[in-house]
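>>> what's the 3D shape of this:
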Amino acid sequence: MAKVFASTDTSVKTCPVCNSRLVPAEYYSAVKGNSQVVDSKTDWASGKTTNTVSTQYSDIQKCTGVYCMACYYKSMASKVMLFRILILVGLLGIIAFGVLSFVLENTALLLAAIPFLAALVLGWTNIGDSGVIGENPYSGLTKEQIEAHATKRNENIMQSNSSEFVTCISHDQIPQGRTFLSLSSFKK
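Numbers count the residues shown, from 1 in each chain. Model (predicted):
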């Protein structure tokens with residue numbers, strides 16, 4: 001999957017990969033301090049422990065960067081398709097080996113379904129809000145439609161742009177000793 005263009009240089013106006021107009025994104029640049037666990041909860045049924053961690057940051061600066069939402073959507077469309085394929089292959093493999101083990105009366109064949117179960121779980125846990133069935137929300141959009149959506153100025157889109165920028169920015173653009181955080185990283 002192609003890398004999404006993102007830059008801290010806001011003078012760049014178009015994507016060098018697809019020539020789309022770049023989308024501005026606000027983010028925080030900060031120096032990461034100490035972290036500590038402030039709460040821990042264990043779900044005894046699943047055995048899963050969830051820790052809430054509080055991290056101290058200093059020298060917090062609000063910044064603006066740019067990224068290519070068209071490339072981001074193209075990348076996300078590919079990921080959604082990959083996860084849907086994993087779910088389908090996993091489901092079909094489990095059904096096939098389940099039927100085969102029943103017909104041949106050999107329960108050992110169910111062990112061969114484990115990789116298919118892993119594919120199903122991997123696809124299912126990563127599909128997110130895109131859904132297994134229905135239209136891929138990231139495909140079929142023109143550059144103009146993506147740009148119109150990206151330039152709307154409301155809180156949700158600004159936070160989404162911020163999160164996507166922080167996800168896409170390459171580590172070599174982050175100054176030594178600093179970290180980039182999305183707008184939603186801090187509780188108000």
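>>> for this structure, longest helix please?
The residue-count maximum for a helix in the chain (DSSP state H) belongs to helix 69-103.
>>> Report the buried residues of the next helix or strand after it.
Downstream of helix 69-103, the first helix or strand assigned by DSSP states H and E is helix 114-127. Buried residues in helix 114-127, counted by 16 or more other Cβ atoms under 10 Å: F116, A119, L120, G123, I127. Bear in mind the C-beta positions are built from the backbone N, C-alpha and C, glycine included.
>>> Which residue is the nearest non-sequential neighbour of the last one?
Taking Cβ to Cβ, 6 or more residues apart in numbering as the measure, I127 lies nearest to F83, with 4.5 Å between them; neighbours along the chain are not counted.
>>> For the one you found, grab the count of nearby residues.
20 (other Cβ atoms under 10 Å).
>>> Ok, A96 next?
Counted with other Cβ under 10 Å, residues neighbouring A96 total 14.
>>> try M81
By other Cβ under 10 Å, 14 other residues sit near M81.
>>> what's the answer for C168, then?
The tally of other residues near C168 (other Cβ under 10 Å) stands at 20.
>>> now the angle between helix 69-103 and the helix or strand of the chain with the lowest mean pLDDT, please.
None of the helices or strands of the chain scores lower by mean pLDDT, DSSP states H and E than helix 143-150, at a mean of 71. Per axes from the mean of the first three to the mean of the last three Cα atoms, to 10 degrees, the angle that helix 143-150 makes with helix 69-103 is 100 degrees.
>>> Quick check: which ranges of the chain have low pLDDT?
The chain contains residues with pLDDT under 70 at 1-2, 128-138, 149-153, 187-188.
>>> rewinding a little: show me the contact partners of the least confident helix or strand of the chain.
With contacts defined as Cβ atoms under 8 Å, 6 or more residues apart in numbering, helix 143-150 is touched by C18, S20, R21, V23, M69, A70, Y73, I157, N161.
>>> before we move on, what about stretch 89-99?
109-110, 112-113, 115-123.
>>> Now tabulate these in JSON lines and tack on distance to L183.
What follows is those, written out as JSON lines (distance: Cβ to Cβ, whole Å):
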{"residue": "L109", "distance to L183": "51"}
{"residue": "L110", "distance to L183": "48"}
{"residue": "A112", "distance to L183": "47"}
{"residue": "A113", "distance to L183": "44"}
{"residue": "P115", "distance to L183": "40"}
{"residue": "F116", "distance to L183": "40"}
{"residue": "L117", "distance to L183": "38"}
{"residue": "A118", "distance to L183": "35"}
{"residue": "A119", "distance to L183": "35"}
{"residue": "L120", "distance to L183": "35"}
{"residue": "V121", "distance to L183": "32"}
{"residue": "L122", "distance to L183": "30"}
{"residue": "G123", "distance to L183": "30"}
